[in-house]
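Visitor: pasted the sequence and its predicted model underneath.
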Amino acid sequence: MIGIMCAMVEELEPILEQVEVKDKIHHGNNTYYLASFDNKDIVLAYSKIGKVNAAITATAMIEKFGVEKLLFSGVAGAIDEDLKIGDLIVATEVCQHDIDLTVFGYKHGFIPESQIFFDCDSNLINIAEHVADKLGIKLKKGIIASGDQFVHSKEKKEWIKEVFGASAIEMEGGAVGCVTWNYQVPFFMLRAISDTAEEGAGVDFDAFLEESSKVSAKFLLEMLKEI
Ligand SMILES: Nc1ncnc2c(CN3C[C@H](CSc4cnccn4)[C@@H](O)C3)c[nH]c12
């Protein structure tokens, strides 16, 4: 079983429209859609915004639905200057920029018995690169940082870039990476840029959420054909 996760309903809708939904299961204040696509069994859900909600959904996908690969599709704020609105980025690693135990001598993003960075699955990244080549689509790869805040400040964005080397910013991937690392389930995350994460990002976000969600969804569905 392949799991497909998003954070917002707007990110999931363009995927749901393209798959054959067989059943809907309500669980833990989420709706899980059991579907098939390209003769593959998939379960889809949006978690709601933020790392805790994302962790709940990722855990349920694994524990209740037995997913063996978890793929995330959605939008993100750009940190790297070469990322423009509508561009795609695949996460090589994810982290949580709002974890701070530095007073105890730990690095930003570190929690004891855990790790700062969680690797995304190299096989799925390779498939994404193959699909991008086939479709002639530019696909950036990089570290994506998550935190429970919508970043709309150049100063904050630059700090996250300096401390974590992140190329993009969002609010769920780091939590999903932590869950999949703990359960040893392959994790892949694709995001399309919706804003610059600087002053005024909220306006861009509202304007480009739907369009960028479709960019990510379309690419993810192409990937599903190759998995
Ligand atoms: N600059 C940014 N910083 C942090 N995260 C992001 C994202 C990615 N998603 C979108 C959404 C913003 S919060 C939200 C959205 N709409 C209504 C309420 N909250 C949240 O799920 C994280 C895109 N740009 C980002």
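Guide: Happy to help now that I have it.
Visitor: what residues sit buried inside the single longest helix found in the chain?
Guide: Longest helix of the chain, by residue count under DSSP state H: helix 201-226. Neighbour-count burial for helix 201-226 flags 201, 204-205, 208-209, 212-224 (criterion: 16 or more other Cβ atoms under 10 Å). In short, each C-beta sits where N, CA and C put it, glycine included.
Visitor: again, but for stretch 28-39
Guide: 30, 32-35, 37.
Visitor: what pLDDT does whichever residue of the chain sits closest to the ligand get?
Guide: Closest residue of the chain to the ligand, Cβ to the nearest ligand atom: residue 77 (2.8 Å). pLDDT, residue 77: 98.
Visitor: filter the buried residues of helix 201-226 by proximity to the ligand?
Guide: With Cβ under 6 Å from any ligand atom as the criterion, the buried residues of helix 201-226 include 201, 205 near the ligand.
Visitor: could you check how many residues crowd around residue 186?
Guide: A count of neighbours around residue 186, defined by other Cβ atoms under 10 Å, yields 17.
Visitor: revised request: answer the last question for residue 122.
Guide: Neighbourhood size, residue 122 [other Cβ under 10 Å]: 11.
Visitor: okay, now residue 65: neighbour count?
Guide: 17.
Visitor: got a list of what residue 73 touches?
Guide: Neighbouring residues of residue 73 by Cβ atoms under 8 Å, 6 or more residues apart in numbering: 4-6, 11-12, 15, 189-191, 213, 216-217, 219-220.
Visitor: so the closest residue to residue 215 other than its chain neighbours is in which element?
Guide: Spatial nearest neighbour of residue 215, chain neighbours left out: residue 192 (4.0 Å); criterion: Cβ to Cβ, 6 or more residues apart in numbering. Using DSSP states H and E, residue 192 falls within strand 187-195.
Visitor: just the C-alphas of that strand, formatted as PDB.
Guide: Output in PDB follows, covering the C-alpha atoms of strand 187-195 (Å, rounded to 0.1, in the frame of the first residue of the first chain):
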ATOM      1  CA  PHE A 187       9.500   8.700   2.700                       C
ATOM      2  CA  PHE A 188       9.300  11.100  -0.300                       C
ATOM      3  CA  MET A 189       8.300  14.700  -0.300                       C
ATOM      4  CA  LEU A 190       7.600  16.900  -3.300                       C
ATOM      5  CA  ARG A 191       6.600  20.600  -3.000                       C
ATOM      6  CA  ALA A 192       5.800  23.300  -5.500                       C
ATOM      7  CA  ILE A 193       6.700  26.900  -4.600                       C
ATOM      8  CA  SER A 194       3.800  29.100  -3.600                       C
ATOM      9  CA  ASP A 195       5.600  32.100  -2.100                       C
END
